[in-house]
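Engineer: Could you look at this predicted model? Sequence included:
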Amino acid sequence: MFKQHVTDSSIVTLKAQGVLRMKKCKALGLSEKITVRFVRVILSTGEIEVLVTSLLDEKKYTTQMFKELYKRQRGVECFLGVLKERLKIDNFTGKTVISIKPDFFATIFLTGLESVLTQTAESQLFDKSRQNKHR
């Protein structure tokens, strides 16, 4: 897709394949085609992430902008991962909305509280580990 790493961005038109998918698009009032942009972002770890966006203007929305936005989003994704792990979706105390809501909100509250309480300690540990050769 990215032609021997010459480009970090590629604009592609995707089309619904198959009669059923085309009918479903029509029933939902959606177009059978959509033009998107694939943006390749190389992270500081060397990992490659491919992002998909409807922002097609490569001059206005540069690959570097996407890299910066991805870095900022990463913290949110990690937080959501922690929430998913702590919520244990299959392990609520009840099976009705009324019984699940308190579990959900208590988990959100406690996770947020923990973040606030441990923020200082985490930044101190990070600063100390930065001084060590082996983290």
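Structural biologist: Cool, got the structure.
Engineer: Please make it C-alpha for all contacts and neighbour counts, starting now.
Structural biologist: Fine.
Engineer: any idea of the mean pLDDT in stretch 84-97?
Structural biologist: Average pLDDT, stretch 84-97: 76.
Engineer: What is the helix or strand where Ser129 lies packed up against?
Structural biologist: Element membership of Ser129 [criterion: DSSP states H and E] is helix 97-131. Under the contact definition 3 or more CA pairs under 8 Å, 6 or more residues apart in numbering; DSSP states H and E, helix 97-131 sits against helix 63-87.
Engineer: Got the domain ranges for the chain?
Structural biologist: For the chain, the TED database gives the domain ranges 1-83, 87-130.
Engineer: looking at these, which one has the lowest mean pLDDT?
Structural biologist: domain 87-130 (a mean of 82).
Engineer: how distant is it from the center of its chain?
Structural biologist: 19 Å (CA atoms, centre = their mean, to the nearest Å).
Engineer: need the contact list for Asn131.
Structural biologist: Just so we're on the same page, residue 131 is Gln rather than Asn. Contacts here follow CA atoms under 8 Å, 6 or more residues apart in numbering; on that basis Gln131 touches nothing.
Engineer: pLDDT score for it?
Structural biologist: Model confidence at Gln131 (pLDDT) stands at 72.
Engineer: any idea how far it is from Val116?
Structural biologist: Distance of Gln131 to Val116, computed by CA to CA, to the nearest Å: 24 Å.
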